[in-house]
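Chemist: A predicted structure for the sequence below; I have some questions about it.
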There are 2 protein chains.
Amino acid sequence: MRVAVLFSGGKDSTYALYWALKQGFDVKYLVSMHSESEESYMYHVPNIHLTELQARAIGIPLVKGFTKGEKEKEVEDLKNVLEGLKIDGVVAGALASTYQRERVEKVAKELGLEVFAPFWQADPEEYMREIIKAGFDVVVVGVSAYGLNEQWLGRKIDERAIQELKALNKKYKVHIAGEGGEFETFVRDAPFFRARIVFDEVEKIWDPYTSSGVLLIKAAHLEPKSDDYEDSGC
Amino acid sequence: MRVAVLFSGGKDSTYALYWALKQGFDVKYLVSMHSESEESYMYHVPNIHLTELQARAIGIPLVKGFTKGEKEKEVEDLKNVLEGLKIDGVVAGALASTYQRERVEKVAKELGLEVFAPFWQADPEEYMREIIKAGFDVVVVGVSAYGLNEQWLGRKIDERAIQELKALNKKYKVHIAGEGGEFETFVRDAPFFRARIVFDEVEKIWDPYTSSGVLLIKAAHLEPKSDDYEDSGC
């Protein structure tokens, strides 16, 4: 099974990639769609290259597609990116977003591809714990929810963080896995990474009025994990 | 003819892309190989995302492959990146590098792909003039040759620059098109770009002892060229 994994570098897509590799799928490409509407380019420059750093750490080529971010166009743009790839299926990390899932399924159907969304409707708490137990180093790089403060930016997801998210879920309905956009994550390391990502310079940008912010990663580098890293290509 | 264009963002690969589009080729992907050996990642962060900004301006998906930069592995890594693409050929901007050409041809042969290197052994002076006349906005972003000073960093290639390069060629054997690695270029705009790239913050790094330097592009943004830009996806 030759697949492309829809990849954003956050916990969901990275964990879906891990799943695909464990299935023995031949993951040919990581596919990352960038929306122009969601950003001022300059603002995102510090973080935008990090997907690439991850792809390099993982050792799988990265395909970057661009979209204007209009809902109808997005489907077409994703299709355009996928249709030139020799693959049998696509893997998506979506947990609960029906819009995202339907979008991917529409494209896949048109291209005759299978869709794998292995964690669709997984229990958020169990799912988060599973990721940690698998040895993923996940940090929060974006926050946008009442109840989550500046202290969450740059925080590593561990058992204590999950417990706090559970409490915040009870109090403020914050989704434990951040599926409602409450927080964005970045995976610095996972068992299949050939090298881990080290942040050298970060800056917190916080807007107290909207209770939202981002962690800008201004400089980062790869740190090899073993001698194997030196020998393996991509 | 479905093709991938080997793309670095400099004048040669961008002009080869222009040629491919004029031929009516269906350019499915821009393919960019990143070597790990040639860099400290941090050092290159400011410029590394710019290929992506160009791909976005052009509106063609970008495939990024990674290689350790060992000569034998490079061929294999490029092959790995290309073999999953539904293409009939690859387009390369190589003017005179036999090593680069042979590497591409070996991979293409193994994958049954045609190779197009339209400017192979073109006359450097005529070639440079042709690029300018076609409306390309080319700037020098790297310099590494005796005879080329710091003033060349950030300089736009125009007729006067070509005349000076001609003089430097006579005096110091500087290749007029920089094929010997004398200078590196970046294309900010070309007739087929949907948007032009504007540099917002640059920094010159110059080493007088080796007479070499780079122009770090620390911030840049896209400026739409017409209303068409707003309507077109990717």
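Modeler: Received the coordinates, thanks. Computed from a predicted model, the values in this text were never measured in an experiment. Numbering: from 1, shown residues only, chains lettered A, B, ... in the order given.
Chemist: mind listing the strands for chain A?
Modeler: A:2-6, A:26-35, A:62-67, A:89-91, A:114-116, A:137-144, A:183-189, A:195-207, A:212-224 (DSSP state E).
Chemist: Which residues does the fourth one contact?
Modeler: By that I understand strand A:89-91. Applying Cβ atoms under 8 Å, 6 or more residues apart in numbering or on different chains, the contact partners of strand A:89-91 are A:1-6, A:16-17, A:19-20, A:25, A:27, A:31, A:82, A:104, A:107-108, A:113-118. All C-beta atoms are positioned from the backbone trio N, CA, C, and that covers glycine.
Chemist: Out of these, which end up buried?
Modeler: Buried members of the contacts of strand A:89-91, counted by 16 or more other Cβ atoms under 10 Å in any protein chain shown: A:3-6, A:16-17, A:19-20, A:25, A:27, A:31, A:82, A:104, A:107-108, A:113, A:115-118.
Chemist: Contact partners for residue A:225?
Modeler: Residues in contact with residue A:225 (Cβ under 8 Å, 6+ apart) are A:189, A:193, A:194, A:195, A:196.
Chemist: and those, which two are the farthest apart?
Modeler: Taking Cβ to Cβ as the measure, the contacts of residue A:225 span a maximum distance of 10.3 Å, between A:189 and A:194.
Chemist: what touches both of these two?
Modeler: A:57, A:225.
Chemist: coming back round to it: most neighbours, which of the contacts of residue A:225?
Modeler: Counting neighbours by other Cβ atoms under 10 Å in any protein chain shown, residue A:193 comes out on top of the contacts of residue A:225 with 23 neighbours.
Chemist: you'd agree it is up against residue A:60?
Modeler: No: with contact defined as Cβ atoms under 8 Å, residue A:193 does not reach residue A:60; the gap is 10.8 Å.
Chemist: So residue A:184 versus chain B, what's the distance?
Modeler: 19 Å (Cβ to the nearest Cβ, to the nearest Å).
Chemist: bridging residues for the residue lying closest to that residue once chain neighbours are set aside?
Modeler: Using Cβ to Cβ, 6 or more residues apart in numbering or on different chains and skipping the chain neighbours, the partner closest in space to residue A:184 is residue A:142 (3.3 Å). For residue A:142, the beta-bridge partners under DSSP bridges are residue A:184, residue A:214.
Chemist: ok, residue A:29 - contacts?
Modeler: The contact partners of residue A:29, taken as Cβ under 8 Å, 6+ apart, are A:4, A:5, A:60, A:61, A:62, A:63, A:85, A:87, B:63, B:84.
Chemist: ok, what's across the strand from the second one?
Modeler: Okay, so that is residue A:5. On the basis of DSSP bridges, residue A:5 is bridged to residue A:30, residue A:91.
Chemist: Tell me which stretches of chain A form helices.
Modeler: A:11-22, A:41-48, A:50-58, A:71-82, A:98-111, A:124-133, A:159-172, A:227-231 (DSSP state H).
Chemist: Make JSON lines out of these and add mean pLDDT.
Modeler: Listed next are the helices of chain A as JSON lines, based on pLDDT from 0 to 100:
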{"stretch": "helix A:11-22", "mean pLDDT": "96"}
{"stretch": "helix A:41-48", "mean pLDDT": "46"}
{"stretch": "helix A:50-58", "mean pLDDT": "91"}
{"stretch": "helix A:71-82", "mean pLDDT": "84"}
{"stretch": "helix A:98-111", "mean pLDDT": "86"}
{"stretch": "helix A:124-133", "mean pLDDT": "96"}
{"stretch": "helix A:159-172", "mean pLDDT": "95"}
{"stretch": "helix A:227-231", "mean pLDDT": "47"}
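Chemist: Reformat the ones you listed as JSON lines; add distance to chain B.
Modeler: Listed next are the helices of chain A as JSON lines, based on distance: least, Cβ to the nearest Cβ, whole Å:
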{"stretch": "helix A:11-22", "distance to chain B": "15"}
{"stretch": "helix A:41-48", "distance to chain B": "5"}
{"stretch": "helix A:50-58", "distance to chain B": "5"}
{"stretch": "helix A:71-82", "distance to chain B": "5"}
{"stretch": "helix A:98-111", "distance to chain B": "11"}
{"stretch": "helix A:124-133", "distance to chain B": "25"}
{"stretch": "helix A:159-172", "distance to chain B": "28"}
{"stretch": "helix A:227-231", "distance to chain B": "8"}
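Chemist: Rebuild the ones you listed as CSV, extending it with distance to residue B:212.
Modeler: Compiled in CSV, the helices of chain A are given as follows (distance: least, Cβ to Cβ, whole Å):
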stretch, distance to residue B:212
helix A:11-22, 38
helix A:41-48, 25
helix A:50-58, 25
helix A:71-82, 37
helix A:98-111, 46
helix A:124-133, 45
helix A:159-172, 47
helix A:227-231, 28
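Chemist: quick one, which of these is nearest to residue B:54?
Modeler: Across the helices of chain A, residue B:54 has its closest neighbour in helix A:41-48 (12.1 Å, Cβ to Cβ).
Chemist: show me what contacts residue A:7?
Modeler: Contacts of residue A:7 by Cβ under 8 Å, 6+ apart are A:13, A:14, A:17, A:30, A:31, A:32, A:51, A:54, A:55, A:62.
Chemist: Could you give the number of residues near the nearest residue to it once chain neighbours are set aside?
Modeler: Of all residues not flanking residue A:7 in the chain, residue A:30 sits nearest, at 3.8 Å (Cβ to Cβ, 6+ apart). Neighbour count for residue A:30, taken as other Cβ under 10 Å: 26.
Chemist: For residue A:30, give me its contacts.
Modeler: By Cβ under 8 Å, 6+ apart, the contact list for residue A:30 reads A:4, A:5, A:7, A:17, A:51, A:55, A:58, A:60, A:61, A:62, A:63.
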